[in-house]
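Novice: Predicted model and sequence below, questions to follow.
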Amino acid sequence: MLSDEPPQPPASVAAPAALVEAAPAAERPERMNRSAVLWVALAIFAQESVWNFYDAQVPAQLRQFVSSATVIGLIMGLDTGLGVIVQPWTGLISDRLARSRTGRWPIVVAGACVAAVPFALIPWATGLPMLMLCIFAFGLTANSFKGVTETLVSDYVAPQQRGRAQGFIKAGVSLTIIVSALISLLVVDHSLKAAFAIPPVLMVVMVALSYCFLGRRHPTALRREDTGTHTRTDTDTDTDQADPFSSPWAVLKDLVREPSRARLLLMAGIFCFAGMWAALRSLTTPYGTEALGMTRGAAGGIALPGAIAFLVCVVPLAYLSHRLGELRMIRYGIALFVAGLLVGFAEPTPAFTAASVAIASIGYAVFSVNGLVALWGLAPNNRVLGAYTGLYTVASASGMALGPALLGATVDLTGWRYMFLNAAVLGAVTFAVFTLVARRAGRPLAAAS
């Protein structure tokens with residue numbers, strides 16, 4: 001949850017909304033299950049290793065058949081847009097499986113094995129129709145288990161420790177950016193087919209390892225209800241049957257009717273920031289080749305310093321966010337994100353561009369640690385965390401679907417030289433949205449005091 005104090009029953013969402021901003025310091029937090037965090041991080045690392053390489057190299061693959069940056073941005077947003085449709089349903093299904101002996105693992109394991117096939121076939125596509133088929137098949141199957149994997153942390157980590165756990169998990173995720181950049185630097189220019197084969201093999205192997213060491217522990221996993229202290233027993237069956245959140249539509253109806261609109265506003269902010277990050281990731285490699293004259297492999301390696309910066313900063317940022325408040329830290333992160341983009345625009349060289357991406361990556365690290373935990377904290381109960389992870393994905397995937405196309409459209413209008421300046425302007429709009437979110441979430445607290 002958003003603080004180490006036991007969360008209050010959701011009779012009113014105003015109080016949790018205030019806690020998102022205030023996030024008072026913990027009195028005495030429980031010990032975090034570090035081994036569980038390690039294996040959950042490995043499972044998330046497995047899927048993100050594929051997504052990061054996908055974002056770095058598929059735009060360049062599309063440029064063999066498509067010249068417009070806008071169209072490339074739309075296609076790159078298409079696969080993540082599938083998450084808007086798929087993930088709320090698979091999230092709700094995983095919430096039901098979470099209370100069985102197998103847990104959410106069947107969705108994760110099966111999804112990883114199936115998604116590996118179309119991804120590995122991408123460089124074998126000799127025409128745009130075949131490439132689009134591979135992109136669609138990968139996007140559909142990979143999105144089916146992406147949010148479910150991220151929800152695993154809620155099954156094995158106590159609510160009071162999820163923010164810190166997210167910091168360690170995101171540190172592991174940052175390693176996937178390093179892996180992607182190294183594959184781009186060392187393999188892409190020599191064998192594109194081999195480069196596309198490495199990430200899916202890593203994904204399948206690491207998901208299998210994570211399941212072997214953690215999946216069998218699911219029947220005794222730490223599971224708590226909204227009080228933060230209740231352990232599930234067989235007597236909870238009647239409660240499950242009476243659960244009003246029986247479909248994504250029921251969850252969405254509750255979201256819309258929530259009086260303070262704090263959850264809707266938070267999802268709007270998630271939409272904006274995720275869109276800007278996706279746009280930067282998707283178009284940085286073409287920017288390197290078009291504006292800086294770099295080779296495709298070298299341009300794909302621009303993300304490496306950012307991955308290192310993310311790795312170094314993400315855990316301290318998680319602890320700092322716990323004390324200062326999630327929304328406040330996210331606003332600081334957006335400001336840093338915009339500052340990094342302005343650095344890249346001011347001096348369009350490979351070195352300054354890499355430094356720009358590194359600064360922006362630190363800003364995004366703040367958001368990546370806090371966004372999902374904040375939304376979990378506003379969920380009506382712990383039995384819909386998978387569905388709320390799906391809602392988070394609806395917001396972020398919608399932004400990711402539109403962000404690259406929007407930034408690509410500005411590139412078509414102004415040229416590649418101004419891409420970072422255009423992104424900074426859009427980032428400023430994102431900052432304004434999160435400022436509104438913070439004010440609305442903080443009003444109940446101010447009124448109470």
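Specialist: Structure received. Note that the structure is predicted; figures quoted are calculated from it, not measured.
Novice: Which residue, neighbours along the chain excluded, lies closest to residue 205?
Specialist: residue 46 (7.7 Å; Cβ to Cβ, 6 or more residues apart in numbering). Quick note: C-beta positions are derived from backbone N, CA and C, even for glycine.
Novice: The one you found against residue 201, yeah?
Specialist: No - judged on Cβ atoms under 8 Å, residue 46 makes no contact with residue 201 at a distance of 10.3 Å.
Novice: out of those two, which sits in the more crowded spot?
Specialist: residue 46 (24 against 13; other Cβ atoms under 10 Å).
Novice: Identify the residues contacting that one.
Specialist: 112, 149, 202, 203, 204, 205, 206, 207, 210 (Cβ atoms under 8 Å, 6 or more residues apart in numbering).
Novice: From the residues you listed, which one has the minimum pLDDT?
Specialist: Among the contacts of residue 46, residue 149 carries the weakest pLDDT, at 81.
Novice: count of neighbours near it?
Specialist: Residues near residue 149, counting by other Cβ under 10 Å: 25.
Novice: who's in contact with the residue positioned nearest the centre of the chain?
Specialist: Centroid check for the chain by Cα atoms, centre = their mean gives residue 368 as the closest residue, at 6.3 Å. By Cβ under 8 Å, 6+ apart, the residues touching residue 368 are 166, 170, 173, 314.
Novice: where's the first one, which helix or strand?
Specialist: Following DSSP states H and E, one finds residue 166 within helix 162-183.
Novice: CA atoms of the helix or strand following that helix as CSV?
Specialist: Next in sequence after helix 162-183, counting helices and strands by DSSP H and E, comes helix 192-214. C-alpha atoms of helix 192-214 as CSV (Å, rounded to 0.1, in the frame of the first residue of the first chain):
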residue,chain,number,x,y,z
LEU,A,192,19.9,-9.6,-37.0
LYS,A,193,18.2,-13.0,-36.8
ALA,A,194,20.5,-14.2,-34.0
ALA,A,195,19.8,-10.9,-32.2
PHE,A,196,16.1,-11.4,-32.3
ALA,A,197,16.5,-15.0,-31.1
ILE,A,198,18.3,-14.2,-27.9
PRO,A,199,15.6,-12.2,-25.9
PRO,A,200,12.8,-14.8,-26.3
VAL,A,201,15.2,-17.6,-25.3
LEU,A,202,16.1,-15.6,-22.2
MET,A,203,12.4,-15.0,-21.5
VAL,A,204,11.4,-18.7,-21.6
VAL,A,205,14.3,-19.9,-19.5
MET,A,206,13.9,-17.3,-16.8
VAL,A,207,10.2,-17.6,-16.5
ALA,A,208,10.7,-21.4,-16.1
LEU,A,209,13.3,-20.8,-13.4
SER,A,210,11.1,-18.4,-11.6
TYR,A,211,8.2,-20.8,-11.7
CYS,A,212,10.3,-23.7,-10.4
PHE,A,213,11.6,-21.9,-7.4
LEU,A,214,8.5,-19.7,-6.6
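Novice: So for helix 192-214, what gets flagged as buried?
Specialist: Residues 192, 195-200, 202-204, 206-208, 210-211, 214 are the ones in helix 192-214 that count as buried (16 or more other Cβ atoms under 10 Å).
Novice: Just give the number of residues close to residue 114.
Specialist: 16.
Novice: which of the residues in the helix or strand harbouring it are buried?
Specialist: For residue 114, the host element (DSSP H and E) is helix 105-120. Across helix 105-120, burial judged by 16+ other Cβ under 10 Å covers 105-109, 111-116, 118-120.
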